[in-house]
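Trainee: Just to be clear, the model below is a prediction. Sequence and coordinates:
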Amino acid sequence: QLQLVESGGGLAQPGGSLRLSCVVSGYTSDTYGIGWFRQAPGKEREGIVCLSSADESTYYADIVKGRFTISRDKAKNTVYLQMNQLKPEDTATYYCAAEAPHYYCSGPSPNWGSRGQGIQVSVSS
């Protein structure tokens, strides 16, 4: 059973930046997919990014491409989401998510098997 714990959310101004962190534990396979999705009140879930651990390939949603970057620190079992050029429409609860074992991403919105508790990101002036 994978466990994921997010941190780093909060309030940012339009055009600003935030970095989310996700500590991952409980996996036994080196081949898994990990990423982020978000959900705003009254809106459907939006896939943001999926990263394949096997080859570090990534798939970003068009809505965040060029602004958000996923990265991974294997030694710390931590995945990061660097969010730049934030917009008010980025306001949502962000979830770290994973799918294992032996998962390879084929898009930014897989059917995630595990997710964290979520963390709020608000973008407002």
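Mentor: Yep, that arrived.
Trainee: Quick one: the strands in this protein, in order.
Mentor: 3-7, 10-12, 18-25, 33-39, 46-52, 58-60, 68-73, 78-83, 92-99, 114-115, 119-123 (DSSP state E).
Trainee: How much space separates residue 2 from residue 96?
Mentor: 10 Å (CB to CB, to the nearest Å). Just so you know, the C-beta spots here come from the backbone N, C-alpha and C atoms, and that holds for glycine as well.
Trainee: overlap in contacts of those two?
Mentor: Both residue 2 and residue 96 are contacted by residue 24, under the criterion CB atoms under 8 Å, 6 or more residues apart in numbering.
Trainee: So those two - more neighbours on which side?
Mentor: Neighbour count, other CB atoms under 10 Å: between residue 2 and residue 96, residue 96 has more, with 29 against 21.
Trainee: Who is the spatially most central residue of the chain paired with across the strands?
Mentor: The centroid of the chain falls nearest to residue 36 when counting by CA atoms, centre = their mean (2.2 Å). Beta-bridge pairing of residue 36 under DSSP bridges involves residue 49, residue 96.
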